[in-house]
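S.K.: Pasting the sequence and the predicted model now:
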Amino acid sequence: MTERAFEVFETKERVQADNAKEAAKVRESLKQHHVFLVNLMSSPGAGKTTTLVRTIRELKNDYKIGVMEADVDSDVDARTIAAEGVKVIQLHTGGSCHMDADMTERGLEEMGLDGLDLVFLENVGNLVCPAEFDVGADVRVMILSVPEGDDKPLKYPLMFTVSDCLLVNKIDAMEVFDFDMEALEERAKKLNPDIAILPVSSLTGTGFGAWIEWLRSRIEEAGHEDH
């Protein structure tokens, strides 16, 4: 049997290992600055920015908030967030379909953590790549909108597995779509028994009390009480 004259290099494993090291650095920096980071993920059109705007309005009197808007291109979302009077930076990923820990670290450095309590990273819109990369956030929150359907845990299991909280958005449109909330919850809980599932409408504000309460509790558990 002929010996292999070349080395097989598993690039994905190396990339993930390097990213894990960078994520640990991000966490340590956030801890030192007493800043809580939320990684907000969803597919395009699920309502990330609308949800984020309403969340900011609920929290900005109690926390000094910063937002990193990650997109392949454009600054549309950053302009929307800036109108809320919080610190915001636009990150262009150069074609990449996700943020990784190194990109997050550089974004945080550019934005500056001094004077902030709470930072949101609005990740690039898709349910695949962002789930694979730990950015060093304290919590991962995903949004699934009712029009997308209740079968998404079957199609994108990793996103549901790694998320701490699932916001089921656009419940005001529930009657229009064939969406089975019980089926969604069963599928998501099978992948991740600890995931918090919170039905909301970022348009009407329905369910936002439970979401804000959940987020506040996680911030306080991390030791970042209201300043």
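M.R.: Cool, the structure landed.

S.K.: May I ask which helix or strand encompasses residue 97?
M.R.: Using DSSP states H and E, residue 97 sits in no helix or strand.

S.K.: wait, it sits on residue 123?
M.R.: No: the criterion here is C-beta atoms under 8 Å, and residue 97 misses it with residue 123 at 9.7 Å. C-beta: built from backbone N, CA, C; applies to glycine.

S.K.: Report the set of residues contacting both of these two.
M.R.: Here residue 97 and residue 123 have residue 130 as joint contacts, going by C-beta atoms under 8 Å, 6 or more residues apart in numbering.

S.K.: Could you pull out the helices in the chain for me?
M.R.: 11-33, 48-59, 76-82, 101-111, 129-132, 152-155, 157-162, 181-191, 208-221 (DSSP state H).

S.K.: could you dump the ones you listed to CSV with mean pLDDT?
M.R.: Formatted as CSV, those follow (pLDDT from 0 to 100):
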stretch, mean pLDDT
helix 11-33, 85
helix 48-59, 96
helix 76-82, 89
helix 101-111, 94
helix 129-132, 92
helix 152-155, 98
helix 157-162, 98
helix 181-191, 98
helix 208-221, 97
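
S.K.: Of all those, which one comes closest to residue 141?
M.R.: helix 208-221 (8.1 Å; C-beta to C-beta).

S.K.: got the angle for that closest one vs helix 48-59?
M.R.: Orientation check (axes from the mean of the first three to the mean of the last three C-alpha atoms, to 10 degrees): helix 208-221 against helix 48-59 gives 70 degrees.

S.K.: residues in contact with residue 121?
M.R.: Residues counted as contacts of residue 121 (C-beta under 8 Å, 6+ apart) are 37-40, 67-68, 70, 99, 104, 107, 135, 137.
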